[in-house]
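In: sequence first, then the predicted structure, then my questions.
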Amino acid sequence: MDILGKRKSWYVISSVLVVLALFFLITNGLNFGIDFLGGTMMRFSFEEAVSNEQVREVIAEYGFADEAQIQQTEEEGIPHGVVIRSRDIDPDHTGMIQDIEASLSEAFPGSVLLATDSVGSVIGEELRRNAIWALVIASVAMVIYISIRFELRFAVVAIITLLHDILITTGLFAMLGREINTPFVAALLMILGYSINDTIVIFDRIRENMGLMHRSSFIELANKAVVDTLPRSINTSLTTLIAVLSIYLFGGAAIRTFMLALLVGILIGTYSSIFVASPLLVTWGEKITESE
Amino acid sequence: MNYREKRLIKIGIVLVIIAVSFGIYHFRGINLGLDLEGGTQIVLEANPEEGQEVTEDQMETARSIIESRVDEMGLSEPIIQRQGPRRIIIELPAVDEPHEAIEAIGRTALLTIRDQEGRELLTGEHVVNARATYDEHQRPIITFQLDSEGGEKFADITERYLGRQIGFFLDEDQLTMGTVQSVIRDQGQITGFESIGAAQEVAMLIREGALPVPLVVEETRHVGPTLGEISLQRSITAGLIGLLIVSIYMIIYYKFPGVVVALVLAIYGVIFLGTLSGFGATLTLPGIAGLILSIGMAVDANIIIYERIKDEIKSGKKIKTAINAGFKRAYRTILDANVTTLIAALILAYYTTGSIRGFAVVLIIGLAVSMFTAFVVTRIILDIFMDTRLLKSEKAFGAQRR
């Protein structure tokens, strides 16, 4: 099986995906949730179906109804759920949440406030800043470790592969318009961990082959490494996918978005370690030989 | 010590670790985050007036006042912690009216006596006792007592304002405003409450004293018990279904060694729960992502080892030699892959807070446990069955000899 020989085709596929991701990131932008922007989210359950307009009418007296996002949800155990999101309610004004709860339960008896999240803008900004910093520092630390254990080019390629994965996953979320919240950040981090793990396993085999196959060219030994680790790559992603898929299917609506990110991330992570990371190593090697 | 004795000791150590883990988990249990169990989390931040410094002392006093307020409200099992120099985090497992509780907990609650023009005459620091009760007309009131210094001042004020109006304020809210009928020294009463409950709350706030520095609510998260229960049960069921399918897949693919993976996963589960419980870490929804990732990596470690053993068998080695060589060659791969992820997880745990940190902590524990189960537990179980047909069979590890 000649995987690395066809590397130009894989580059085309990845480039198309990355360009699409960038396109949606620019045109649609990311739907940052209240975790990042500040604001309040309230989740209600009703005994009977209640339309968005009916809810809007009831909360109109509080002044934020026009800009509030109202969304219907349905899941086992909570058939008539409604989520109200507003950036205008500050966590320091919890009285308003109580008032809204009272108004809704008066208008629709039997309504229950299931959950609320209320975040101040300071915390939201801090979360954004810390998440980015942690990502940057973790990347640098991984580059250092991989450079010590392997070579610098392995490290650089690993990080490029990670960026590729994160970009495509966020791009998909931009396309679908799903909310970017704290669990999404955790999902991105999991993708990062999974992808780097997957890449290192293949790199390790390339490193081993570099020691064993002195007569072979780099592309030959790298291709052998990718092909030899293929059963492992497939088995590992299959088993992890099974675990994620079962939670996606049976785990309830609240964590579905979160699991979707994991699902996409594992697929992309497996794909990229085979079809992006290893080909990039080969291309890098070629460029060096050409310039010498 | 011969090989058999060494193996026996190793088995003994692993069994002790499993037993201890199970014991810790059984007796201490796992702290579940509010997204899984339900509850309320409140983050308060000091919001001093311009030019005012926030000192360590003030924050500690604020924390202990909040602690007594929460205690007096009868809320069970609260966790009240400082975070950084200016923040206090409060976690309440079960509250019926979370938003009412939040209002009361975060109030500065400075009691002042003011005149009609709003001039401050006396503050609540001199109040030594305040209780809610009914007056002779069955109206809810608060009776309070003043210390001797406060008594002097209050006598002075009531003398000066005899026949004029003065009022009681809690922060900026006017509780009552009335005409001074006589000179009062060391005790008095406040009227004007809607219900005895409201009077009790204000009495509690006056008793516990005002916060030394104003706090604002920066974040509140509340999950009702129903929702938490639904997510937890669902996640557990889903996770178990996932593990079951993974085990079946491994058994079909690797035959008997696949059964070993299933067994190792069960042991992994027990040690993981024991370690999580031992560290007192909290499991949240993002923590479950970390758990899935680390289970994935635990299975991965076994797959890497098995694929290596399979390669060795294919190249014609005997099962014993193949297993030894397979472990040796897989060791470096698993170590490098896990350590790279571990570095990222450690940095995350250091730089973040809240649920993302929960993710990182779970991942760190999971990675450490998965390396232990892969290198030690899998090894021992394979060793035990080394001479049996189960491992010597052609089909074991899914290898077909060339």
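Out: Arrived safely.

In: what about the strands in the stretch 1-150 of chain A?
Out: Taking DSSP state E, counting those that start in this stretch as the test, the strands found in the stretch 1-150 of chain A are A:31-32, A:39-46, A:69-75, A:78-86, A:112-119.

In: okay if I get the ones you listed as TSV plus mean pLDDT and distance to A:Val157?
Out: For glycine as for every other residue, the C-beta is placed from the backbone atoms N, C-alpha and C. Conversion of these to TSV gives the following (pLDDT from 0 to 100; distance: least, Cβ to Cβ, whole Å):
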stretch	mean pLDDT	distance to A:Val157
strand A:31-32	85	31
strand A:39-46	88	40
strand A:69-75	80	41
strand A:78-86	84	40
strand A:112-119	86	38
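
In: got those as JSON lines, with distance to B:Ala62 and mean neighbour count columns?
Out: As requested, the strands of the stretch 1-150 of chain A are exported to JSON lines (distance: least, Cβ to Cβ, whole Å; neighbours: other Cβ atoms under 10 Å in any protein chain shown):
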{"stretch": "strand A:31-32", "distance to B:Ala62": "32", "mean neighbour count": "14"}
{"stretch": "strand A:39-46", "distance to B:Ala62": "25", "mean neighbour count": "23"}
{"stretch": "strand A:69-75", "distance to B:Ala62": "35", "mean neighbour count": "14"}
{"stretch": "strand A:78-86", "distance to B:Ala62": "29", "mean neighbour count": "20"}
{"stretch": "strand A:112-119", "distance to B:Ala62": "21", "mean neighbour count": "24"}
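
In: for these, which one sits closest to A:Thr239?
Out: Across those, A:Thr239 has its closest neighbour in strand A:69-75 (26.8 Å, Cβ to Cβ).

In: is the longest helix along chain A up against chain B anywhere?
Out: Counting residues, the longest helix in chain A under DSSP state H turns out to be helix A:182-212. Yes. Between helix A:182-212 and chain B, judged by Cβ under 8 Å from any Cβ of the partner chain, the touching residues are A:182-183, A:185-187, A:189-190, A:192-194, A:196-197, A:200-201, A:204-205, A:208.

In: domain assignment for the chain?
Out: Going with chain A. Taking automatic domain parsing as the domain assignment, the ranges for chain A are A:4-33+A:123-291, A:39-119.

In: my bad, chain B
Out: When chain B is cut into domains by automatic domain parsing, you get B:3-33+B:224-398, B:39-221.

In: just say which of these is most tucked in.
Out: Among the domains of chain B, domain B:3-33+B:224-398 has the highest mean neighbour count (mean count of other Cβ atoms under 10 Å in any protein chain shown), at a mean of 20.

In: just give me how far that one sits from the chain centre.
Out: For domain B:3-33+B:224-398, the distance from its own C-alpha centre to the chain's C-alpha centre is 24 Å (Cα atoms, centre = their mean, to the nearest Å).

In: what's the answer for stretch B:111-124, then?
Out: For stretch B:111-124, the gap between its own C-alpha mean and the chain's C-alpha mean amounts to 42 Å (Cα atoms, centre = their mean).

In: list of residues touching that stretch?
Out: The contact list for stretch B:111-124 (Cβ atoms under 8 Å, 6 or more residues apart in numbering or on different chains) reads B:110, B:127, B:150, B:153-154, B:157, B:161, B:164-170, B:177, B:205-206, B:209-210.

In: quick one on the thing from earlier: give the buried residues for the helix or strand that the longest helix of chain A is followed by.
Out: Read in the C-terminal direction, the helix or strand following helix A:182-212 is helix A:218-228, with elements assigned using DSSP states H and E. Taking 16 or more other Cβ atoms under 10 Å in any protein chain shown as the basis for neighbour counts, the residues of helix A:218-228 that come out buried are A:Phe218, A:Ile219, A:Glu220, A:Leu221, A:Ala222, A:Asn223, A:Lys224, A:Ala225, A:Val226, A:Asp228.

In: for chain B, tell me which of those show up nearby.
Out: On the criterion Cβ under 8 Å from any Cβ, A:Asp228 are the entries of these that sit beside chain B.

In: any idea what the residue nearest the centre of chain B is bridged to?
Out: When chain B is reduced to its mean C-alpha position, the closest residue under Cα atoms, centre = their mean turns out to be B:Thr282, at 4.4 Å. Taking DSSP bridges as the rule, B:Thr282 bridges to B:Asn31.

In: residues in contact with it?
Out: The neighbourhood of B:Thr282, defined by Cβ under 8 Å, 6+ apart, consists of B:Asn31, B:Leu32, B:Gly33, B:Gly358.

In: and chain A, is the helix or strand encompassing the last one touching that?
Out: Following DSSP H and E, the helix or strand that holds B:Gly358 is helix B:354-372. Yes. Shown here: helix B:354-372 in contact with chain A (Cβ under 8 Å from any Cβ) through B:Gly354, B:Ser355, B:Ile356, B:Phe359, B:Ala360, B:Leu363.
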